[in-house]
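Trainee: the sequence and its predicted three-dimensional model are supplied below.
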Amino acid sequence: MWQPASIDDYLRRWRLEPRGAGFSTLSSHLQPVLQGGVPAMLKVARIEEEANGCRLLAWWDGSGAARVLEVDAHAALLEEGGASLVTLARSDDDAATRILCGVAETLHAASAGRFADRPQGLIPLDVWFRALFDRADGEGDGFYGRAASTARRLLAENADDTVVLHGDLHHGNVLDFGERGALAIDPKFLVGDRVFDYTNILCNPEQQIAEFQFDRRVDLISALAGIRLSALLEWTVAWTGLSASWFAADGTRENERRALRIGTLAEARLTGERKTS
């Protein structure tokens, strides 16, 4: 049975020197380090899901993602990245969206080229969406019910582009790696329709930006990624329903409301598109 390890274990095992203060999230411990005098970031998973994400990051082998210098079932040593896209989105949201779409395209292209050799145990989206389906039981015509119905229909369709997904591609998870460009960190461990990877862009990095830029982003992502507007909007309805379901289960009601507001924007845009088609 999987058990978490400690930072100290990996400092010794990989002969790393701590560099400044580390920090922890709900899912991992992170510690800036030096390996042979070279700056890097040690990430030790607190939960198995995060450890699987580290293995997936290594599988991408630097194509659209941070390079992994060491990895095992509990931890990864990553090349050091710089600032995320959060600040850029505040000043030039179109530029941030273009970068995110480029990262997604690179990840998906690498996945397509090695899909037969993908990691074992990747979680399909029908399993990932179970929290929404559970939440929607008895919901009827409410948003959760509509989102679940949309998700079930999308999942039942044969995806044109089934790929290894990042699963959490947003502004905070794409960093500046200097000459190597903008690269992703912190993937989930998912496989499914590539359109799913673009939905989280529409919900981040801040609610005001996400809502104000929603329609412009939808048009831009659709054009850059070659995605039908209706497909992007329907997956966004499904994703925001799932995200809101998790927040509701955690009792974080304000975050639930924020996710539902983006879902409502997606539904409204869908209605408008259908009226004009």
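Mentor: Structure's in. What do you need?
Trainee: remind me which helix or strand Val191 belongs to.
Mentor: For Val191, the enclosing helix or strand under DSSP states H and E is strand 190-193.
Trainee: what residues does the next helix or strand after that strand touch?
Mentor: Of the helices and strands lying after strand 190-193 in sequence (DSSP H and E), the nearest is helix 196-199. Contact partners of helix 196-199, identified using Cβ atoms under 8 Å, 6 or more residues apart in numbering, comprise 101, 104, 107-108, 125, 163, 165-167, 169, 190, 221, 225, 227, 232, 235-236, 238-240. C-beta coordinates here come from the backbone N, C-alpha and C atoms, glycine included.
Trainee: could you give the mean pLDDT of helix 196-199?
Mentor: Confidence for helix 196-199, expressed as mean pLDDT, is 98.
Trainee: for the next helix or strand after that helix, name the packing helices and strands.
Mentor: Helices and strands here follow DSSP H and E; after helix 196-199, the next one along the chain is helix 207-212. In terms of contacts (3 or more Cβ pairs under 8 Å, 6 or more residues apart in numbering; DSSP states H and E), helix 207-212 is packed against helix 253-276.
Trainee: okay, buried residues for the helix it packs on please.
Mentor: 255-256, 258-263, 265-267, 269-270 (16 or more other Cβ atoms under 10 Å).
Trainee: circling back: which ones among the contacts of helix 196-199 map onto helices?
Mentor: Using DSSP state H, the subset of the contacts of helix 196-199 located in helices is 101, 104, 107-108, 125, 221, 225, 232, 235-236, 238-240.
Trainee: between these, which sits nearest His29?
Mentor: Lowest distance from His29 to the ones in helices among the contacts of helix 196-199 (Cβ to Cβ) belongs to Leu107, with 25.3 Å.
Trainee: which residues in the stretch 1-150 of the chain form helices?
Mentor: Along the stretch 1-150 of the chain, the stretches classed as helices by DSSP state H, counting those that start in this stretch are 7-13, 48-60, 86-91, 93-113, 125-128, 130-136, 143-156.
Trainee: need the contact partners of the second one.
Mentor: In this case it means helix 48-60. Counting by Cβ under 8 Å, 6+ apart, 2, 27-28, 43, 45, 65-66, 68, 71, 73-76, 78, 107, 110-111, 114, 118-119, 121-122, 164, 185-189 sit against helix 48-60.
Trainee: then the shortest one?
Mentor: Outside helix 125-128, the residues within contact range by Cβ under 8 Å, 6+ apart are 155, 165, 167, 188, 190-193, 196, 242.
Trainee: ranking these by neighbours, who comes first?
Mentor: In terms of neighbours by other Cβ atoms under 10 Å, the contacts of helix 125-128 top out with Leu165 at 28 neighbours.
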